[in-house]
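*Asks:* 3D model of this:
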Amino acid sequence: KDCDNVFALGDCARVKQVPYGATAAVAMQQAPVAAWNVYATLTNDTNMNTDPELLPFTYLNLGEMMTLGGQDATISSMGLVEVNGTAASVLRRLIY
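*Replies:* Numbers count the residues shown, from 1 in each chain. Got it, this is the predicted structure:
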């Protein structure tokens, strides 16, 4: 709290103000934002006496994927697509 230049993502970035789920989907969206913010901080010209422009994180819920054991899984995406069974299992493996 109240520390400059501290960045976190994934499970350790769970905060009370905006409680995103501790899931891989959240961490995968946090990663490029955290990477940019670390880069911007490290390459900031301290002689200019300005703070680097850091990107805010915004989570976009793209849906859920779940393995149900063996060759069975389920995928739902934004209420538009729902896939179950072997096809969902193969698709999930391709995505992750």
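*Asks:* Centre of the chain to the longest helix anywhere in the chain, how far?
*Replies:* For the chain, the longest helix by residue count, based on DSSP state H, is helix 24-42. Taking CA atoms, centre = their mean, to the nearest Å, one finds the center of helix 24-42 at 8 Å from the center of the full chain.
*Asks:* repeat for stretch 72-86
*Replies:* With CA atoms, centre = their mean as the basis, stretch 72-86 stands 20 Å off its chain's centre.
*Asks:* Tell me which helix or strand residue 82 sits in.
*Replies:* Following DSSP states H and E, one finds residue 82 within strand 81-84.
*Asks:* Following the chain past that strand, name the next helix or strand.
*Replies:* The C-terminal neighbour of strand 81-84 among helices and strands, as given by DSSP H and E, is helix 86-95.
*Asks:* Which secondary structure elements does that next one sit against?
*Replies:* strand 64-67, strand 73-77 (3 or more CB pairs under 8 Å, 6 or more residues apart in numbering; DSSP states H and E). Backbone N, C-alpha and C define where each C-beta goes, glycine included.
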